[in-house]
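**Student:** Just the structure for this:
(one chain, ligands or ions: 1)
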Amino acid sequence: MPSIQTNGLTKTFGESVVAVDSLDLTIEDGEIFGFLGPNGAGKSTTINMLLDFIRPTDGSAQVFGMDAQDECAAIRERIGVLPEGYGFDDYLTGREYMEWAVETKGADDDPEQLLDLVGIREDAGRVASGYSKGMQQRLAFGMALADDPDLLILDEPSTGLDPNGIQHMRSVIRDRAADGTTVFFSSHILSEVEAVCDRVGVMNEGELVAIDSIEGLRESATGQATIELECASAPPAEDVAYIDGVTSVDVADTTLTAECSDPSAKVDVVKRVDSQVEVVDILADNTSLEELFNQFTGGGRDGDGAVGEGAELEASQEASV
Ligand SMILES: Nc1ncnc2c1ncn2[C@@H]1O[C@H](COP(=O)(O)OP(=O)(O)OP(=O)(O)O)[C@@H](O)[C@H]1O
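**Tutor:** Numbers count the residues shown, from 1 in each chain. This is a model prediction of the structure:
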């Protein structure tokens, strides 16, 4: 059974803002799913509907097969949430907040261990509202981990974290996923999603414009894959040009670059070259993350065009899902 499933999920605000437009999404059990999109794409609104913080205008959402509206209490018992911009404005210390999270979830976690896991045990005696942004984010993340949830919903989780904090959070997310936790990870930073997620969905102006692995998105966005091989001696250009799915080959000194209309041809290129000369390095991509993001979203609600391009990609994407 999928952990999350939405059917035609829609939310409009007022007359004109379609925050989420007929979203059909299935997140399988145990996946680390990246929910990507520029500001205003509809990510938080979707999460808020999954959590029944706001009600859909149309369509439905199920979490663990339960209706997100009718059975929200049972759903919340099994999930951990790191909301976007979680603030601590009471007079509680970090330790008291963690103890409160463990207690309200009826969990048997040791609060000290969770504080340790997210790297704020040393500061746990301080009032949390005085923490830096990154420390508050660590604390909120630790609270979401209490009771070992079956599903972690993380909305812009790296906000305020330094590079060490980001690395550490990634490794905790991977560990939890390896233990069977499904992770729904919302972000507008593609590189961050790429570092942890098995699959991503790209939202733009309320619509899901693509859903695939990052590699799959790259291939559908560019329409072709590029592979570059660094060889110990001059590589065989002609042999590679005859491979099915290879559209062009370029050799410069000991570097061979092949464009493939069929991404699976990349493997044949490596095999063919390696049968004749020693391959010392492989580079298999040339689309920058920013380019890819822009191709799918056209810069978002505030972007300057390329929406039609996004719509075309949606059509091609549907065929590949
Ligand atoms: N309560 C609300 N009332 C009116 N409009 C809203 C409300 N909440 C969200 N919106 C609008 O819905 C659209 C989607 O917003 P949402 O917060 O879901 O985007 P997001 O992808 O999470 O963006 P961000 O990355 O900036 O957090 C935006 O145009 C936003 O202004």
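
**Student:** any idea which element the residue nearest the centre of the chain lies in?
**Tutor:** Against the mean C-alpha coordinate of the chain, by C-alpha atoms, centre = their mean, the closest residue is G34 at 1.7 Å. In the assignment (DSSP states H and E), G34 maps to strand 32-36.

**Student:** Check which helices and strands that strand is in contact with.
**Tutor:** Counting contacts by 3 or more C-beta pairs under 8 Å, 6 or more residues apart in numbering; DSSP states H and E, strand 32-36 packs against helix 43-50, helix 163-178, strand 182-187, helix 190-196, strand 199-204. To be clear about C-beta, it is placed using only N, CA and C from the backbone, and glycine gets the same treatment.

**Student:** coming back round to it: tell me the contacts of the residue nearest to the centre of the chain?
**Tutor:** Neighbour list for G34: 185-187, 193-194, 196-197, 199-201 [criterion: C-beta atoms under 8 Å, 6 or more residues apart in numbering].

**Student:** one more time with 10 Å
**Tutor:** 154, 183-187, 189-190, 192-202, 213-214 (C-beta atoms under 10 Å, 6 or more residues apart in numbering).

**Student:** before we move on, the earlier item: lowest average pLDDT across the helices and strands packed on strand 32-36?
**Tutor:** Here the lowest mean pLDDT among those goes to helix 190-196, at a mean of 81.

**Student:** where does this structure have its least confident helix or strand?
**Tutor:** helix 307-320 (a mean of 31; mean pLDDT, DSSP states H and E).

**Student:** Separate out the buried members of the contacts of G34.
**Tutor:** By neighbour count, with 16 or more other C-beta atoms under 10 Å, these hold 154, 183-187, 189-190, 192-197, 199-202, 214 as buried.

**Student:** Please tell me I have it right and A232 contacts V279.
**Tutor:** Yes. Using C-beta atoms under 10 Å, A232 is in contact with V279, at 7.9 Å.

**Student:** higher neighbour count, the two?
**Tutor:** V279 (18 against 10; other C-beta atoms under 10 Å).

**Student:** Run through the residues that contact the nearest residue in space to that one that is not next to it in sequence.
**Tutor:** Using C-beta to C-beta, 6 or more residues apart in numbering and skipping the chain neighbours, the partner closest in space to V279 is L229 (5.2 Å). Taking C-beta under 10 Å, 6+ apart, we find L229 in contact with 235, 240, 251, 254-258, 266, 269-270, 272-274, 277, 279-284.
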